[in-house]
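Colleague: Sequence below, structure please.
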Amino acid sequence: METERISVQAGGIRQSVLVAGPVDGTPVLLVHGNCSSAAFWLPLIRRLPETLRIVAPDLRGYGGTETAPVDATRGLADFADDLAALLDVPELFGSPTVAGPARPVVVGHSLGGGVAMRLLVDHPDRVGGLLLEAPVSPYGYGGTAGPDGIPVSADFAGTGGGTANSDLVHRLAAADRGADTPTSPRNVLRTLYVADPASLGDDEELLLDSMLSTATGDDNYPGTAVTSPNWPGTAPGDRGVLNALSPAHFRIADDLVAVAAKPPVVWVRGDADAIVSDAALLDLAYLGSLGMVPGWPGVEAYPPQPMVGQTRAVLDRYAAAGGRYREVVLAGCGHCPHLERPAEFVAELLDLASSGDISHAVPTPRGSDFGA
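Modeller: Residues are numbered from 1 along each chain as shown. Below you'll find the model as predicted:
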């Protein structure tokens, strides 16, 4: 598909949006993850049929969208509100018909998966289907134990802005394109974003550009931090992206289960994901268990977060409450299935888009036709 980039004033900020396909096509909203932008979806968009209407915004502080501050105390609601404002922009999804406004498939990657969950909770009548690609746990990133997301400490120490790798932040701000250190953006792309760097192919520079579009600082990535008496000595602040991902501010499990309108959910993940897993290399507790963060108090006091187990437990509750979901696990795949296993990812997206719930017309649920 051919893409076009447009600028839209919506939700109080100027948003940069990639669009493709006819405005009256089956609507799909693509929500990128942290340290990336809408351009991260370009390798996928090339593979999609012309029957889809693709809308892929840069989130605030990424790509070409305005570098507006992120109020972490709202969890990921700042991002979700920005997306909600786009849903009623005629040049993006067309004007509402007699049947009502568009209800897109919302595809959320990593952080974008959490944003997609928040959008569903806040606007359940506007989401026709949810495709969660390696999503953040519904209990946030880090600092919780067990399938029910029990906080490890009262102040959620070990999560938020203070957990970022300072060298990576510096190199993002400096637009470093080198590969001389493990924490350069290029090497993070090659070793953490994907399991097989060869899967990046000719798109490596494009994807690196996308990473380097990340706005850094206290109001964006990574955000603020406060000192803590609890291991590892840092707790989340109230500004910026990593704090918005902290379980101190983002705990959406119960709201997700309780949402009245329950569209079908497809959860796609790789079993070699190094960023969102039960052994995540960005989880300080897991790094502590490897001896890479000093002073780790042990598995009883501060276990690694079971991110996959938590998501599965919440989606099981979602299904028990009347929803439906399918978990798709791709062997040997890392954090970006749409880059590493594009054929399988496209198939899941098209299956969800044709499930009967997503269109500009009146939704027609077909639960019996949707997966196991």
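Colleague: How confident is the prediction for Asp357, by pLDDT?
Modeller: We have a pLDDT of 50 for Asp357.
Colleague: and if you look at Pro365?
Modeller: At Pro365, pLDDT is 29.
Colleague: Could I get the buried residue list for stretch 146-165?
Modeller: 147, 149, 151-153, 155-164 (16 or more other Cβ atoms under 10 Å). For every residue, glycine as well, the C-beta is placed using N, CA and C.
Colleague: ok, now stretch 298-317?
Modeller: Buried-residue list, stretch 298-317, by 16+ other Cβ under 10 Å: 302-308, 310-315, 317.
Colleague: Quick one: end-to-end distance for stretch 277-289.
Modeller: This stretch, stretch 277-289, spans 15 Å end to end (Cα to Cα, to the nearest Å).
Colleague: quick one: which of the buried residues of stretch 298-317 sit in helices?
Modeller: Met307, Val308, Gln310, Thr311, Arg312, Ala313, Val314, Leu315, Arg317 (DSSP state H).
Colleague: hang on, isn't Ala164 packed against Leu242?
Modeller: Yes - at 5.9 Å, Ala164 counts as touching Leu242 under the criterion of Cβ atoms under 8 Å.
Colleague: Need the overlap of contacts for those two.
Modeller: Overlap of the contact sets of Ala164 and Leu242 (by Cβ atoms under 8 Å, 6 or more residues apart in numbering) consists of Tyr221, Pro222.
Colleague: residues contacting the closest residue to Arg5 other than its chain neighbours?
Modeller: Leaving aside its sequence neighbours, Arg5 sits nearest to Leu18 (Cβ to Cβ, 6 or more residues apart in numbering; 5.5 Å). With contact set as Cβ under 8 Å, 6+ apart, Leu18 has these partners: Thr3, Glu4, Arg5, Ala38, Ala39, Trp41, Leu42, Ile45, Ile54, Val55, Ala56, Pro57.
Colleague: Got phi/psi on the residue nearest to Ile150 when sequence neighbours are not counted?
Modeller: Leaving aside its chain neighbours, Ile150 sits nearest to Thr144 (6.1 Å; criterion: Cβ to Cβ, 6+ apart). Here is the backbone geometry of Thr144 (degrees, to the nearest 10): phi -130, psi 160.
Colleague: Could you double-check that Thr144 lies in contact with Pro247?
Modeller: Yes - counting by Cβ under 8 Å, Thr144 touches Pro247, with 5.2 Å between them.
Colleague: what sits in contact with each of these two?
Modeller: Pro151.
Colleague: can you pull out the helices in the stretch 201-350 of the chain?
Modeller: Counting by DSSP state H, counting those that start in this stretch, the stretch 201-350 of the chain has helices at residues 204-212, 241-245, 253-258, 284-289, 307-320, 337-340, 342-353.
Colleague: how about the longest one as CSV, C-alpha atoms only?
Modeller: I take that to be helix 307-320. The C-alpha coordinates for helix 307-320 follow below in CSV (Å, rounded to 0.1, in the frame of the first residue of the first chain):
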residue,chain,number,x,y,z
MET,A,307,4.3,-10.3,32.3
VAL,A,308,3.0,-13.0,30.0
GLY,A,309,1.2,-14.9,32.8
GLN,A,310,-0.5,-11.7,34.0
THR,A,311,-1.8,-10.8,30.5
ARG,A,312,-3.1,-14.4,30.0
ALA,A,313,-4.8,-14.3,33.4
VAL,A,314,-6.5,-11.0,32.6
LEU,A,315,-7.6,-12.1,29.2
ASP,A,316,-9.0,-15.4,30.7
ARG,A,317,-11.1,-13.2,33.0
TYR,A,318,-12.1,-11.1,30.0
ALA,A,319,-13.3,-14.2,28.2
ALA,A,320,-15.1,-15.5,31.3
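Colleague: and that helix, what's its mean pLDDT?
Modeller: For helix 307-320, the per-residue pLDDT averages 98.
Colleague: which residues touch that helix?
Modeller: 132, 135-139, 141, 144, 146-149, 253, 256-257, 262, 265, 267, 269, 276-278, 280, 283, 323, 325, 327.
Colleague: Show me which of these are buried.
Modeller: 132, 135-139, 141, 144, 147, 149, 253, 256-257, 262, 265, 267, 269, 276-277, 280, 283, 323, 325, 327.
Colleague: ok, back up a step: which single one of the buried residues of stretch 298-317 is nearest to Thr214?
Modeller: The shortest approach to Thr214 among the buried residues of stretch 298-317 belongs to Met307, at 22.0 Å (Cβ to Cβ).
Colleague: ok, Ala244 to Ala38 distance?
Modeller: 19 Å (Cβ to Cβ, to the nearest Å).
Colleague: can you check Leu350 too?
Modeller: Taking Cβ to Cβ, one finds Leu350 at 20 Å from Ala38.
Colleague: follow-up on the earlier one: mind checking the helices of the stretch 201-350 of the chain for the one nearest to Val226?
Modeller: Of the helices of the stretch 201-350 of the chain, nearest to Val226 by Cβ to Cβ is helix 241-245, at 9.9 Å.
Colleague: can you dump the C-alpha coordinates of that closest one into CSV?
Modeller: Output of helix 241-245 as CSV, limited to C-alpha atoms (Å, rounded to 0.1, in the frame of the first residue of the first chain):
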residue,chain,number,x,y,z
VAL,A,241,6.5,7.8,29.5
LEU,A,242,8.1,5.2,31.8
ASN,A,243,6.2,6.6,34.7
ALA,A,244,3.0,6.3,32.7
LEU,A,245,3.9,2.6,32.2
